[in-house]
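# Requesting a structural model of the entry that follows:
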Amino acid sequence: MAAPEAAAPAPEPTPAPTPAPTPAPAPEPTAAPAGSGIPNAAANPFEMPQGQGANVPPYDPTVNPVPPVGQPPKKKKKTGLIVALILIPILLILIVVGVIVGIGVNLGTKAAKNNAAYWNAHINCDGEALAELCPDSFWDYISDTYDLSEEDAVAAMNQYMQDYSDTLGGDLSYKMEQNGVTAGMGSSAQLDPVREDTDKFGLKVSTGVCIDATCTVTGADDSDSDDYSLWTVKIDGKWCSLSAMDDFDQLCGSDYAASAKYIAEFGDMVQTYWNAVVNADAATMSTLVPESWWELIDAEYGVSQSDAESYLTSMLEEMVSGSFGEDGTPELSVDVTGGTDVADEELSELNDGLETYGIAGDAAVDVSMTVKMNDESNDTYLTMTQIDGQWYVYDAMYSYATACYNASQSVG
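Residues are numbered from 1 along each chain as shown. Predicted coordinates:
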């Protein structure tokens, strides 16, 4: 806004000694043009005579001072608020980064633990431990696809693991060198390679992390090294090994699957039988025959169980020493390779004379195997007979009958 128009200056005084003339009255101020925005001095809003000082009222300290017109009140500083507003997105970023880092660390920990369990299962020839890394619903796929139970698959895996261990000389250890990591969640493209397998297995994966690594397995005689992509995946709330599932899937479609059922059902009994043979351990052999077998031995040969065990021990010792000398027990390995159901006609021949003592078999299976003693291998079989729902080794009964018969003949 423009300042008010000032009054005209007074004329310069006449030099002495002439007395000064009486000054002329000040001219009336001219009104400002309308619309100029300049206040009209003629209105004299302060009601003060022109050219005279204003009558200033005395200072009253009780009256609140009024700030000058046009000067805004001092604003409170907003530095703290601005800093806080700046920090909010920074904190949000840090929180997000922290969450991402936390998720990454958690996934990495799960993968490391899972991969360690995977390799330990392999080097320890522990098919059951490997099976624990698979979701329960995976075995539905194995059953529907290969007509094998989880137990069958585990038995076949144990056989494969043992064969692999033997090729390296046993006493296995492993070393893994990580080359890269991939992680994905939900429908992310990173999980596409995983879904190729899990869709086939009828499984849904929610999260996965892959460790690309070079793994070297070392045995007493040799070592084996290869590159692997080891996926740890979350299925039905459980962290699982896709590598373990792939191993079982491939194995159940291989030649090992042919022997899987027989390994699962009869593997322990077969191993027990041959251990008893090479160690001349009749007491262990006795665990493979039915309890009522001793009634037949007593009735047919007139000997007690303890005498029968003594006769069998002597017979086995002669067999082992005759084949391997007096140097001791041979190194033994037994691999079950398959099996065949015994036909009804042959089963009747096996049961001949056993019905009287209640030990006639309801079914029988010839289990084929490869038996290796020291460096010599032989393909052979053992006959298993099922009596009242329980499986026994028919060859164990036959061995007892032979030992008791030979003993009775030598006495006679």
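# For Lys175, which non-adjacent residue is spatially closest?
Thr216 (5.0 Å; Cβ to Cβ, 6 or more residues apart in numbering). In this view, the C-beta of every residue, glycine as well, is placed from N, C-alpha and C.
# Let me know how buried that neighbour is, in neighbour terms.
Thr216: 13 surrounding residues under other Cβ atoms under 10 Å.
# Kindly confirm my reading that it is in a helix.
No - note on Thr216: no helix contains this position according to DSSP: H, G, I helix; E, B strand; the rest coil, which reports strand.
# so who does Thr232 touch?
Contacts for Thr232 (Cβ atoms under 8 Å, 6 or more residues apart in numbering) come out as 107, 110-111, 114-115, 208-211, 239-242.
# Check the secondary structure at it for me.
strand.
# Mind listing the residues bridging to it?
Residues found in beta-bridge contact with Thr232 (criterion: DSSP bridges) are Val209, Ser241.
# thinking again about what came up before, pretty sure the residue nearest to Lys175 is in contact with Ser225, am I right?
Yes - between Thr216 and Ser225 there is a contact under Cβ atoms under 8 Å: 4.1 Å.
# Mind picking the lowest-pLDDT entry from the contacts of Thr232?
Lowest model confidence among the contacts of Thr232 falls on Leu107, which carries 59.
# Could you list the residues in contact with the strand or helix carrying Lys175?
Take DSSP states H and E as the rule and Lys175 turns out to sit in strand 173-185. Contacts made with strand 173-185 from outside it, assessed by Cβ under 8 Å, 6+ apart, are listed as 104, 107-108, 111, 115, 119, 122-123, 190-191, 194, 206-218, 227.
# Can you show me the CA trace of that strand as CSV?
Extracted in CSV, the C-alpha atoms of strand 173-185 (Å, rounded to 0.1, in the frame of the first residue of the first chain):
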residue,chain,number,x,y,z
SER,A,173,32.5,-89.1,3.8
TYR,A,174,31.4,-86.0,1.8
LYS,A,175,32.4,-82.4,1.2
MET,A,176,30.1,-79.9,-0.4
GLU,A,177,31.1,-76.6,-2.0
GLN,A,178,28.3,-74.1,-2.6
ASN,A,179,28.2,-72.4,-6.0
GLY,A,180,24.9,-70.5,-5.9
VAL,A,181,21.5,-70.0,-4.3
THR,A,182,18.0,-69.7,-5.7
ALA,A,183,14.8,-69.1,-3.7
GLY,A,184,11.1,-68.7,-4.6
MET,A,185,7.7,-68.5,-3.0
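# For the closest residue to Tyr405 other than its chain neighbours, grab the count of nearby residues.
Counting by Cβ to Cβ, 6+ apart, Tyr301 is the residue found nearest to Tyr405 once chain neighbours are left out, at 6.7 Å. Under the neighbour criterion other Cβ under 10 Å, Tyr301 is assigned a count of 18.
# residues contacting Tyr301?
Tyr301 makes contact with 308, 401, 404-405, 407-408 under the criterion Cβ under 8 Å, 6+ apart.
# any idea how far it is from Leu172?
The span separating Tyr301 from Leu172 equals 48 Å under the rule Cβ to Cβ, to the nearest Å.
# How about Leu312?
Taking Cβ to Cβ as the criterion, Leu312 is separated from Leu172 by 37 Å.
# Neighbour count: the two, which is higher?
Neighbour comparison, Leu312 and Leu172: the larger count goes to Leu312, with 26 against 21 (by other Cβ under 10 Å).
# tell me the contacts of the more buried one?
Applying Cβ under 8 Å, 6+ apart, the residues near Leu312 are 282, 285, 399-400, 403.
# and if you look at Ala364?
Counting by Cβ under 8 Å, 6+ apart, Ala364 has contacts 341-342, 346-347, 350, 383-386, 394.
# got it, and Ala117?
129, 132-133, 241 are the contacts of Ala117 under Cβ under 8 Å, 6+ apart.
# ok, the contacts of Thr232 vs Asp140, which is closest?
Each of the contacts of Thr232 was scored against Asp140 by Cβ to Cβ, and Cys240 proved nearest at 14.4 Å.
# and the nearest residue to the closest one once chain neighbours are set aside, how far is that from Ala156?
Closest residue in space to Cys240, ignoring its immediate chain neighbours: Pro135 at 5.2 Å, by Cβ to Cβ, 6+ apart. Separation of Pro135 from Ala156 (Cβ to Cβ) stands at 19 Å.
# Compare these two (neighbour count), which wins?
A direct count of neighbours by other Cβ under 10 Å for Pro135 and Ala156 places Ala156 higher, at 28 against 21.
# thought that one was touching Tyr262?
No - applying Cβ under 8 Å as the test, Ala156 and Tyr262 come out as separate, 9.9 Å apart.
# In contact with Leu203, which residues?
Leu203 makes contacts with 135, 137-138, 141, 235-236, as judged by Cβ under 8 Å, 6+ apart.
# cool, and Asp341?
Asp341 sits in contact with 363-365, where contact means Cβ under 8 Å, 6+ apart.
# what do you get if the cut-off is 6 Å, keeping everything else the same?
Contacts for Asp341 were tallied using Cβ atoms under 6 Å, 6 or more residues apart in numbering; they are Val365.
# what about it, distance to Tyr394?
Distance of Asp341 to Tyr394, given as Cβ to Cβ: 14 Å.
# Give me the pLDDT for Arg195.
Looking at Arg195, its pLDDT reads 88.
# give me every residue that touches the nearest residue to it once chain neighbours are set aside.
Distances taken as Cβ to Cβ, 6+ apart put Val205 closest to Arg195, at 6.8 Å, once the chain neighbours are dropped. Taking Cβ under 6 Å, 6+ apart as the criterion, Val205 is in contact with 194, 198, 233, 235.
# switch to 10 Å and redo it
Listed by Cβ atoms under 10 Å, 6 or more residues apart in numbering, the contact set of Val205 reads 135, 184-186, 191, 194-195, 197-199, 231, 233-236, 240, 242.
# Need the buried ones from those residues selected in PyMOL.
Listed next is the PyMOL selection for buried residues among these, using 16 or more other Cβ atoms under 10 Å:
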select buried, resi 135+184+191+194+195+197+198+231+233+234+235+240+242
